[in-house]
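J.: Here's a sequence, model it:
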Amino acid sequence: MSDFPIFPPQASTSAPQVDALYFFLLAVSVFFSLLIASLLLFFALRYRRREGSATPPPPPHAMALEVAWTLIPLAIVLVIFGWGTSVYFHISRPPDDTMDILVVGKRWMWKLQHLSGRREINELHVPSGRAVKLTMTSEDVIHAFYVPAFRIKADVVPGRYTTTWFRATTPGRYHLFCAEYCGTKHSEMGGWVTVMEPAEFEAWLAGTTPGEATPASAGERLFSSLGCVACHRKDSMGRGPILDGLYGRSVKLQDGSTVPVDEAYLRESIVNPGAKIVAGYAALMPTFRGLVTEEGILQLIEYIKSLAPQEGAPAPVGAPSPPAAGSPAAKGGPAS
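T.: Residues are numbered from 1 along each chain as shown. Model (predicted):
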């Protein structure tokens, strides 16, 4: 039975926290289930109606008992809430020094790409001891990226970006599943996550196929082939906003509102450019919905993220100046 453990191994920094909360909930549930069942049986036998016995008077009001059975469960629930909130914030907020990987779910496979260019299908190689952030989307229906040994599960939704992260602790090979029913071959949509020692992982990553493009370089080629360079020039003469240095800032729209430039805004600007028009520009950009795959959109976004501000170039229209060093970084985004 060693091949079929009741619980998967704890192979990430989040796993012990999730398990501790889970076992606490299990212990509370078992304790109160046994307590209530025992009291119910005891009272049913002890105070059962006997033949010929008179009806007893109503019991006196017990304020202390009522306060106790109200405050004790309330305290337990508040502990669960606080503990669960702490675990939730830990697993939903990736640290700043993550290794980023792009993930596209498609019936019935997982397509993954490292920022170095290395591609994988239904396989993911990561180093132990390093935080890994997954930016995920779907090409068709809702999927769910689930690695039981890491205690992570996140929906992968078409038309949106979702993220999850983990820090693997133990080298090994761990099951990857789709945890959302996605069609007839849902049960076949799985794979493996291989956790390697850092030096071993670097050697594996160095084995990238010669000529295999990074997401940013593939996005640059796609940016040129789609003719985006005609409008998004590096000077102020283009019909679209300057993209250099725009990611991570914020832009002012025609309606006076301000939005951050993040992955979600960039994607929307590509597939629905008329949704948010930057102040100072006309709604001229055509939609690229259906012309660019989800993988291509991720590559375009990585290319835009890689564009550093040009020295001496004019600031993008509607883009506030970047925050001063040491202040919280403002998010920002391109436009249509």
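
J.: need the strands for this protein, in chain order.
T.: Secondary structure of the chain (DSSP state E): strands at 99-106, 109-114, 119-121, 123-127, 131-138, 143-147, 152-156, 162-167, 172-178, 190-196, 250-252, 258-260.

J.: what's the offset of the fifth one from the middle of its chain?
T.: When C-alpha coordinates are averaged (C-alpha atoms, centre = their mean, to the nearest Å), strand 131-138 and its chain have centres 6 Å apart.

J.: Output the contacting helices and strands for that strand.
T.: Identification of packing neighbours for strand 131-138 by 3 or more C-beta pairs under 8 Å, 6 or more residues apart in numbering; DSSP states H and E yields strand 99-106, strand 152-156, strand 162-167, helix 294-306. Where C-beta positions appear, they are placed from N, C-alpha and C, glycine not excepted.

J.: can I get these in TSV with distance to T137, mean pLDDT and mean neighbour count?
T.: Below are the helices and strands packed on strand 131-138 laid out as TSV (distance: least, C-beta to C-beta, whole Å; pLDDT from 0 to 100; neighbours: other C-beta atoms under 10 Å):
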stretch	distance to T137	mean pLDDT	mean neighbour count
strand 99-106	6	96	21
strand 152-156	7	95	19
strand 162-167	7	95	21
helix 294-306	5	93	22
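
J.: Switch those over to a markdown table; also include distance to A279.
T.: Rendered in a markdown table, the data for these read as follows (distance: least, C-beta to C-beta, whole Å):
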| stretch | distance to A279 |
| --- | --- |
| strand 99-106 | 31 |
| strand 152-156 | 34 |
| strand 162-167 | 29 |
| helix 294-306 | 19 |
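
J.: out of these, which comes closest to A179?
T.: Proximity to A179 (C-beta to C-beta) singles out strand 152-156 among those, at 5.5 Å.

J.: Show me what that closest one is in contact with.
T.: For strand 152-156, the external contacting residues (C-beta atoms under 8 Å, 6 or more residues apart in numbering) are 12, 14, 91, 103, 105, 134, 136-138, 142-147, 162-166, 179-180.

J.: angle of that strand against strand 143-147?
T.: 160 degrees (axes from the mean of the first three to the mean of the last three C-alpha atoms, to 10 degrees).

J.: who are the neighbours in contact with A149?
T.: P8, P9, Q10, A11, S12, A15, G172, Y174, H175, V193.

J.: ok, now how distant is it from F201?
T.: Separation of A149 from F201 (C-beta to C-beta, to the nearest Å): 17 Å.

J.: related to what we said a few turns ago, could the strands of the chain go into CSV alongside distance to W83?
T.: Output for these, formatted as CSV (distance: least, C-beta to C-beta, whole Å):
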stretch, distance to W83
strand 99-106, 29
strand 109-114, 32
strand 119-121, 36
strand 123-127, 28
strand 131-138, 22
strand 143-147, 22
strand 152-156, 18
strand 162-167, 20
strand 172-178, 26
strand 190-196, 27
strand 250-252, 35
strand 258-260, 31
